[in-house]
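Participant: sequence below, structure please.
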Amino acid sequence: MREPIASLVVLVTVFTLTLSVHAGYQVPNKDVKGHGGRTQEVSTQDESKKDVSSHNAGTQDGPHQDLVRQSKDAYYNLARHGFKGFKATIEPNWEVILAHTATPENLEVFRAVRFAMVVDAKGAITIKHEVTAILTTPKMQLVVNQIHYHIQRLVAGFFSTWRMFMVDSPFPDTDTQIKVENVGNEYRLSYSTQSGEVTMMMMSSDLLITEWSLVNPRAMRTVKPHFQKTAEGFLLTGYKGDFEPITQGTKAALDFNIEYQDFNGMKLPHKVRLGGLYGSEPVEAELVFRVN
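Facilitator: A predicted model of the protein is given here:
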């Protein structure tokens, strides 16, 4: 069992590095002020080429307060549909995940672990599992615990990014100090978190996010989302996640595709397919969620 578990560990490692970003974006720093309690105007390029303004989006005279509000409203958001969470089974495609280690013997063991999850109103998950009789020995229970641990990290990593776009919002509160730059036909939004990390977003003139990044002294994590335009707003259909170490570490990149299911008038994830590289090593996975 050592070899297939190792395959799962590599997948979860790259997944966690590139996509566990939710905790970083949700704690914007609202206390950083410029001189005299005002935000500062910053310019790093010729003003004829680039209009740069820094302001507190929550002030009544903030010209971009409406921009943040309109941007939030432009996206499909489950909270506006009365989202209270959901329950689902999880079906990992072990043949895809384990790749060359997916022997009939290994697949029998991995498929004997059945997963179910509860997603709360904020998009956080809790996972439990059941096993068949072949995995009830003390030796096999250690294997089951490892499988459960890594699947939980894998699923939690996906939902940490998914909920940022679908349950909460990638945009900060309107009382957060935020710098907005007009760069050609795009907006660049940036703000700091209480932990000193910097969040940046690139957004087109029609309010479509093209890039979201979180930077700290150790690494840069970048999400490049893909959306489908619907009558209820931009719906997240996939994204590319990149991890770029600044000090030390292994570069990683993953591409995601998300298929949805309609449940009580809401779009909930049905199938997630991902693939990419951890350094030079390819990784791939597929997860199916069946809402009940």
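Participant: quick one: the helices in the stretch 51-200 of the chain?
Facilitator: Using DSSP state H, counting those that start in this stretch, the helices found in the stretch 51-200 of the chain span residues 65-73, 94-98, 104-111, 138-166.
Participant: strands of this structure, start to end?
Facilitator: Taking DSSP state E, the strands of the chain run over residues 51-56, 86-92, 113-119, 125-131, 177-183, 186-192, 198-204, 209-215, 219-230, 233-245, 252-263, 266-278, 281-291.
Participant: to V68, which of these lies closest?
Facilitator: strand 177-183 (7.1 Å; CB to CB). For glycine as for every other residue, the C-beta is placed from the backbone atoms N, C-alpha and C.
Participant: report the buried residues of the closest one.
Facilitator: Across strand 177-183, burial judged by 16 or more other CB atoms under 10 Å covers Q177, I178, K179, V180, E181.
Participant: circling back: out of the helices of the stretch 51-200 of the chain, which comes closest to K87?
Facilitator: helix 138-166 (13.4 Å).
Participant: now for F165: which residues touch it?
Facilitator: Remark: with contacts taken as CB atoms under 8 Å, 6 or more residues apart in numbering, F165 is in contact with Y75, P225, L236.
Participant: avg pLDDT for stretch 98-113?
Facilitator: When pLDDT is averaged along stretch 98-113, the result is 89.
Participant: picking that back up, hmm, which of the contacts of F165 are the buried ones?
Facilitator: Here, 16+ other CB under 10 Å leaves Y75, P225, L236 buried among those.
Participant: S71 is nearest to which of the strands of the chain?
Facilitator: Here strand 198-204 is closest among these (CB to CB), at 6.8 Å.
Participant: could you dump that closest one to PDB, C-alpha only?
Facilitator: Provided in PDB are the C-alpha atoms of strand 198-204 (Å, rounded to 0.1, in the frame of the first residue of the first chain):
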ATOM      1  CA  VAL A 198      -1.100  41.300  -0.100                       C
ATOM      2  CA  THR A 199      -4.100  40.400  -2.200                       C
ATOM      3  CA  MET A 200      -4.300  41.500  -5.800                       C
ATOM      4  CA  MET A 201      -6.900  41.100  -8.500                       C
ATOM      5  CA  MET A 202      -7.000  41.900 -12.200                       C
ATOM      6  CA  MET A 203     -10.500  42.700 -13.600                       C
ATOM      7  CA  SER A 204     -11.700  43.600 -17.000                       C
END
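Participant: in stretch 181-191, what's buried?
Facilitator: E181, Y187, R188, L189, S190, Y191.
Participant: what would those residues look like in TSV with pLDDT and distance to Q261?
Facilitator: Output for the buried residues of stretch 181-191, formatted as TSV (pLDDT from 0 to 100; distance: CB to CB, whole Å):
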residue	pLDDT	distance to Q261
E181	91	39
Y187	93	33
R188	94	35
L189	92	32
S190	91	35
Y191	86	34
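Participant: determine which two of the residues you listed are furthest apart.
Facilitator: Between any two of the buried residues of stretch 181-191 (CB to CB), the greatest distance is 13.0 Å, for Y187 and Y191.
Participant: pLDDT at the residue nearest to Y239 when sequence neighbours are not counted, what is it?
Facilitator: Taking CB to CB, 6 or more residues apart in numbering, and ignoring the residues beside it in sequence, Y239 has P225 as its nearest neighbour in space, at 4.3 Å. Note on P225: pLDDT of 97.
Participant: quick one, what contacts P225?
Facilitator: Contacts of P225 by CB under 8 Å, 6+ apart are F165, I209, T210, W212, L236, G238, Y239.
Participant: rewinding a little: just the contacts of F165 now: which is nearest P138?
Facilitator: L236 (42.7 Å).
Participant: against L268, how distant is the nearest residue to the closest one once chain neighbours are set aside?
Facilitator: Excluding the flanking residues, the one nearest L236 by CB to CB, 6+ apart is F165, at 4.5 Å. According to CB to CB, to the nearest Å, F165 and L268 sit 14 Å apart.
Participant: check E281 too.
Facilitator: 32 Å.
Participant: below-threshold pLDDT in the chain: ranges please.
Facilitator: 1-3, 5-64, 133-134 (pLDDT under 70).
Participant: re earlier: with distance to A88 added, can I get the contacts of P225 in a markdown table?
Facilitator: Below are these laid out as a markdown table (distance: CB to CB, whole Å):
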| residue | distance to A88 |
| --- | --- |
| F165 | 19 |
| I209 | 27 |
| T210 | 30 |
| W212 | 26 |
| L236 | 18 |
| G238 | 20 |
| Y239 | 21 |
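Participant: just the buried residues of those.
Facilitator: F165, I209, W212, L236, G238, Y239.
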